[in-house]
Structure formats: structure tokens, C-alpha cells
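Trainee: following is a predicted model, sequence given first.
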Amino acid sequence: MYDLFFALCTMDIPRGHPAYMAMLYSYCPAAAGWWAGGLVVSAENLPYNAAWQVLSDYASGADLSTQLERYGLSAKAIAPIKTYIDTIADIRSREPYERAPELQHHANIVKMEAGLRFGIQNVFREHFGGDWRNAFEYARLWIYVLMDWGRDMCGKGKKEFTLERKDILFQLKGTRIPVPFPVFVWNTHSAGSNQPNIGLLAEGAIHNQFRSMLALMSAPEGDHTWESEPRVFALDPITGASRQFEPVVESGLLLQDFLELGRAAGEGPFPPIAAYTDPARCAACVFKFQCYGPGRALSGQARGMIAPKRR
Ligand code: SF4
């Protein structure tokens, strides 16, 4: 949940807010524990996320070539990325029923000569997470995956959409002030009305039920209400799959569970569950240094969050 970490690192979120505590706890209890314990995280702690970067840049109105140039890539360095884009078009035309068929050819089609990469390592370090291959992924997401999402959300015949980066507001019963949350909204216009579609990045297009419910019940910041009720989608940043939100239980019950989780999350304990069950989450987590330090083994401090009194 990059958006959740992005908010913690860049927005003024009241520490311990039950909405954020419950979302963090559902990601990994230890993440909620670190945050509630006063740990300060900043934009430097954010791991690289190509999909978020693409969405932000696209929503700013840039086009791909201009944006790559802005990042410091020369025309010569952009040329193999353009070839890659054309190759994907060719693959997709040959395999029209596969989702992201280019992924099966990845090892053979992501190519940039070492000579071209020489001298621009700082560009890759500063803008592409330190790996030149990410510049190719950035372009694939921009040209193909973003459009796959748009088509799925906005309908096959309605490719036209505008993309907006917005802060939405979560207002919870029992909390005085609403809290903001960063999202991307695809707007489609037809018959004089605007349909907002809130897209949330999610591996495998699997909804975090709480985050999606809050998005559905949100209000746009600065306005009072949505023009029409938003739809909420989980967007897989790898395959371009998307899935519209359907609550696992009736919305009122889901909200009740969420509020209770928020209260329980404030008390702990805060076990580092993800480290034991889904280490990929740790790789994307802003608290990974606290849990692992500079090494690869889980720290005693993180393990101590399972049963603080025992240690
Ligand atoms: S690094 Fe892993 S175990 Fe630690 S808080 Fe993050 S997700 Fe949880």
C-alpha cells in the first residue's frame, strides 16, 4: 500500500489516527506499532514505486518522451526504450487475448548497451530506483498498463479519460476531523455527467477491503461531495488487471469491523507478521530499516513486538 506510506511520509496525518492505525495494522501490525510509537518517516524512506511515479507524471499532463528527457535521459538513451515500446506493440498484436504478454519476453526485450548507460547512473539512481531496467518498466506502465486500467475502468468504447491526483477525505464516526488520503481518479464524461473512478494500486488487483471501503465513502478534498458516486478499483501494477470493489460483508458491518480494528490496533501487540508470512511486503515497507536494520535478518526489536513483556 504505497499510497498509505506516501501519506505517512509526505502529509500531515495526526499520529495514531484510528483510520491509519487500522489500515497499517491490516498491512502488518508491526507497521502500526512503529508509527504509533512515534517513529518519524520521511520521503527518503519511501521505496521506489514505478506505478505511482507514472501515475503522478501522467496526471501532471506530461508526455512520456518529455518526461524521460526531464529526468535527464538523452535521445540516444531513449531510443532503446522506444524500440522496447514498439516490440511490445508487436507482441500484443500477436497475442491479443493475453494480459501483458510482453512479460513472458521480458528477459529478451529489455536491452540497453552498457556504453549508453555509462555516465548516466545518477539518472537511474535519482529517478528509477537505481536500476536502468526500471526506465523500461516506467515506459511500459505509461504506454500500456495505464491504458489497460483506463479501458477496464472506463469501458472498452470509452478510452477517453482524464486522470487526476487527488486527496480524498475519510471521516470516521467518533473522530473529530477528517483525514486526507492520496488517490488517483479517472474521470469519464458522458451525457453531461462525470463518473469518478478511484484507482488504488494493489498487487494482483486484490482489494484491501478497509482502504477500498474508505475510498467509497470518502469526499473529495475542497468539495463537499462527489458529482456522482465514485467506483473504486484495485489496479495491479504488473499485469494491468483491475477489479471493482465489492465488500466481503455488508458495508455497515465492514465499517464497524474497521472501527473496532482501529481501537484494537491502538493497544497492540504489534507482531511483524509480514516478515513471517509475506516478506514482499517488507520490501515495500517504510519501516523495513526498523525491522531489519542494515542486515537481512529480522531484528530482536521487531521480534520483541510480539510479546513486549516477555523480552
Ligand atoms: S518491514 Fe515487514 S515486518 Fe516490519 S513493519 Fe514492515 S511489513 Fe511489517
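Mentor: Arrived safely.
Trainee: contacts and neighbour counts: CA atoms only from here.
Mentor: OK.
Trainee: the lengthiest helix in the chain - contacts with which helices or strands?
Mentor: Secondary structure of the chain per DSSP state H: the longest helix is helix 75-94. The contact analysis (3 or more Cα pairs under 8 Å, 6 or more residues apart in numbering; DSSP states H and E) places helix 75-94 against helix 64-70, helix 114-117, helix 133-140.
Trainee: what is the first one packed up against?
Mentor: Counting contacts by 3+ Cα pairs under 8 Å, 6+ apart, helix 64-70 packs against helix 75-94.
Trainee: what's the helix it packs on in contact with?
Mentor: 65, 68-69, 98, 100-102, 109-112, 116-117, 135-136, 139-140, 143 (Cα atoms under 8 Å, 6 or more residues apart in numbering).
Trainee: among those residues, which ones are buried?
Mentor: The neighbour-count criterion (16 or more other Cα atoms under 10 Å) marks L68, A100, P101, E102, I109, V110, M112, A135, F136, A139, R140, I143 among the contacts of helix 75-94 as buried.
Trainee: closest one of these to the ligand?
Mentor: Closest approach between these and the ligand, by Cα to the nearest ligand atom: A135, at 25.9 Å.
Trainee: not counting residues beside it along the chain, what's closest to the closest one?
Mentor: Leaving aside its chain neighbours, A135 sits nearest to F128 (6.1 Å; criterion: Cα to Cα, 6 or more residues apart in numbering).
Trainee: which residues are in contact with that neighbour?
Mentor: Per Cα under 8 Å, 6+ apart, neighbours of F128: Y48, A50, N134, A135.
Trainee: highest neighbour count among the residues you listed?
Mentor: A135 (22 neighbours; other Cα atoms under 10 Å).
Trainee: quick one: contacts for T239?
Mentor: R99, A100, V145.
Trainee: can I get the residues you listed in CSV including secondary structure and pLDDT?
Mentor: Converted to CSV, the contacts of T239 look like this (DSSP: H, G, I helix; E, B strand; the rest coil; pLDDT from 0 to 100):
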residue, secondary structure, pLDDT
R99, coil, 92
A100, coil, 95
V145, helix, 97
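Trainee: how's the protein carved up into domains?
Mentor: 2-47+156-265, 50-147 (automatic domain parsing).
Trainee: pull up the pairing partners for the longest strand anywhere in the chain, direction included.
Mentor: As assigned by DSSP state E, the longest strand anywhere in the chain is strand 179-190. With DSSP bridges as the test, strand 179-190 is paired with strand 162-170 (antiparallel), strand 193-201 (antiparallel).
Trainee: V232 and M217, how far apart?
Mentor: As for V232, its distance to M217 is 10 Å (criterion: Cα to Cα, to the nearest Å).
Trainee: which one of those two has more residues nearby?
Mentor: V232 (25 against 16).
Trainee: what helix or strand is that one on?
Mentor: strand 231-235 (DSSP states H and E).
Trainee: now do the longest strand of the chain against strand 231-235, angle only.
Mentor: 100 degrees (axes from the mean of the first three to the mean of the last three Cα atoms, to 10 degrees).
Trainee: how about the residues of the protein by the ligand?
Mentor: 28, 30-31, 272-275, 281-282, 285, 287-288, 291 (Cα under 6 Å from any ligand atom).
Trainee: nearest to D152 among those?
Mentor: R281 (26.4 Å; Cα to Cα).
Trainee: how many other residues sit next to the closest one?
Mentor: 16.
Trainee: what sits against it?
Mentor: Neighbours of R281 in contact, by Cα under 8 Å, 6+ apart: Y27, A274, A275.
Trainee: try it again at 7 Å.
Mentor: A274 (Cα atoms under 7 Å, 6 or more residues apart in numbering).
Trainee: you'd agree it is in a helix?
Mentor: Yes - under DSSP: H, G, I helix; E, B strand; the rest coil, R281 falls within a helix.
Trainee: for the longest strand of the chain, what is the average pLDDT?
Mentor: Strand 179-190 carries an average pLDDT of 90.
Trainee: can you classify G222 by secondary structure?
Mentor: coil.
Trainee: what bridges to V185?
Mentor: Bridge pairing for V185 - DSSP bridges - gives E164, I198.
Trainee: do the same with R243
Mentor: A234.
Trainee: what's the least confident stretch among the domains of the chain?
Mentor: Across the domains of the chain, domain 2-47+156-265 gives the lowest mean pLDDT, at a mean of 89.
Trainee: returning to what we had before: in TSV: the contacts of T239, plus distance to M21.
Mentor: What follows is these, written out as TSV (distance: Cα to Cα, whole Å):
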residue	distance to M21
R99	35
A100	35
V145	31
